[in-house]
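[1] no sequence on this one, just coordinates:
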């Protein structure tokens, strides 16, 4: 089976019981990297990103039979990944407040604890700058800056108007510029 | 450096030249061959996860089609607070508390303020032993103070021996009269009852000395005792 199959072809195969697993394996291969990095930029640690990515693909498997093709498969999966990441972060925050352990909390701390972190390097400084942004601006910036998604697609994923997304992106870039120049 | 979408790069430059010049690569580390192995691991996990639901689908498509979400509701935040309350109350807190005493700051130790139960079985059992002993003493005292007992022959033993000899010595019967009375051939002489009345205050003679009763009492005295008595007092006082 070719990895070049379109989303429509993959969905057709998925609905055939004998092809179901093969079709889904191809779907995973096709989207795993994009979804992983989208999640990783939000949760920072690999182990967390791995957990969230697995949850995403389980949800996609469960929901794929009911998926309506009037929406883009990729957009739908991105929305699931975004929501799963936010839920995961929220759960970790709650756990940190109810737990007696002192869990180092901030996402900035997480970046600093990553292997190879070097505050002098621009790519790490950019990551620190991104963690200063409000959640929505952070997602908008990542989708536009790293994934280079068109605003229309972002609008579907985040269920926000294109105008609002453009404004968010503008604010996010300005805040990052300010951080880079002053740190 | 990755080639950027020209349209997006142009947009970025208009907003911030400094940010447009930043590297696009992500510096995070990734385990080797992670993406090569991920699809197979993911499918294995999906098979594992799906076993129960697919089994239900085969057994009852109707049940499988129902939403698993429970219809019951709990107050908001209930489960968040429940865990903490449970930890405070359960005895399991004790070993945790003891183990962490040296590590935790005082402010955290104070959080373990729930009921602490001593898990030493012997110490816990002692209170039951004490309760059992106390109950036994109470019941024993009650029994001894309230029982009514018929005096037994054994209780007459002290007076059936030496004391009995002294009592009988003081009685105004002749030996022949006593032997006849014991054989049942002769009643006690009537005048002797008058003398017996003067002996009030003595434990033996306070009893009912009607003919029949007195015989019954004497019959309870063993023969050997009576023979010994007769031997010891050969010249018994003649009451007359």
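    Everything's here; your move. Small disclaimer: the values here were computed from a predicted structure and weren't measured. Residues are numbered from 1 along each chain as shown, chains lettered A, B, ... in the order given.
[2] what does chain B have sitting close to chain A?
    B:4-5, B:8, B:12, B:15-16, B:18-19, B:22-31, B:34-35, B:38-40, B:42-43, B:45-46, B:49-50, B:80, B:83-84, B:104, B:108, B:111 (CB under 8 Å from any CB of the partner chain). In short, each C-beta sits where N, CA and C put it, glycine included.
[3] which of these fall in helices?
    Among these, the ones falling in helices (DSSP state H) are B:8, B:12, B:15, B:18-19, B:34-35, B:38-40, B:42-43, B:45-46, B:49-50, B:80, B:83-84, B:108.
[4] please, a ChimeraX command that selects the buried ones among the residues of chain B next to chain A?
    One line in ChimeraX is enough to select the buried ones among these; burial here means 16 or more other CB atoms under 10 Å in any protein chain shown:
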select /B:8,12,15,16,19,22,26,27,28,38,39,42,43,46,104
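[5] and the top helix by length along chain A, how far from the chain's centre?
    When chain A is scanned for its longest helix (criterion: DSSP H), the result is helix A:73-98. Taking CA atoms, centre = their mean, to the nearest Å, one finds the center of helix A:73-98 at 9 Å from the center of the full chain.
[6] helices or strands up against that helix?
    Applying 3 or more CB pairs under 8 Å, 6 or more residues apart in numbering or on different chains; DSSP states H and E, one finds that helix A:73-98 contacts helix A:7-14, helix A:20-43, helix A:46-63, helix A:135-145, helix A:151-158, helix B:78-89.
[7] quick check: angle from that helix to helix A:151-158?
    Relative orientation of helix A:73-98 versus helix A:151-158 (axes from the mean of the first three to the mean of the last three CA atoms, to 10 degrees): 50 degrees.
[8] what is the orientation angle of helix A:73-98 with helix A:20-43?
    For helix A:73-98 against helix A:20-43, the angle by the same axes, to 10 degrees is 50 degrees.
[9] so which bits of helix A:73-98 are buried?
    Neighbour-count burial for helix A:73-98, with 16+ other CB under 10 Å as criterion, is recorded at A:73-78, A:80-82, A:84-85, A:88-89.
[10] under the pLDDT cut-off, which ranges of chain B? List them.
    Applying pLDDT under 70 to chain B picks out residues B:1-2, B:54-55, B:58, B:67-70, B:83-124, B:148-173, B:187-214, B:233-240.
[11] on that earlier part again, dump the buried residues of helix A:73-98 to a markdown table, plus distance to residue B:147 and pLDDT.
    Formatted as a markdown table, the buried residues of helix A:73-98 follow (distance: CB to CB, whole Å; pLDDT from 0 to 100):
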| residue | distance to residue B:147 | pLDDT |
| --- | --- | --- |
| A:73 | 94 | 93 |
| A:74 | 96 | 92 |
| A:75 | 95 | 93 |
| A:76 | 91 | 95 |
| A:77 | 90 | 96 |
| A:78 | 92 | 95 |
| A:80 | 85 | 96 |
| A:81 | 87 | 97 |
| A:82 | 88 | 96 |
| A:84 | 82 | 96 |
| A:85 | 84 | 96 |
| A:88 | 78 | 94 |
| A:89 | 80 | 91 |
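[12] so who does residue A:37 touch?
    Each residue near residue A:37 by CB atoms under 8 Å, 6 or more residues apart in numbering or on different chains is listed here: A:146-147, B:26.
[13] what do you get if the cut-off is 7 Å, keeping everything else the same?
    By CB atoms under 7 Å, 6 or more residues apart in numbering or on different chains, the contact list for residue A:37 reads A:146, B:26.
[14] so what pLDDT did it get?
    The model reports residue A:37 with a pLDDT of 96.
[15] can you check the one 3 residues further on too?
    According to the model's per-residue confidence, residue A:40 sits at a pLDDT of 95.
[16] how much space separates it from chain B?
    Residue A:40 sits at a distance of 6 Å from chain B (criterion: CB to the nearest CB, to the nearest Å).
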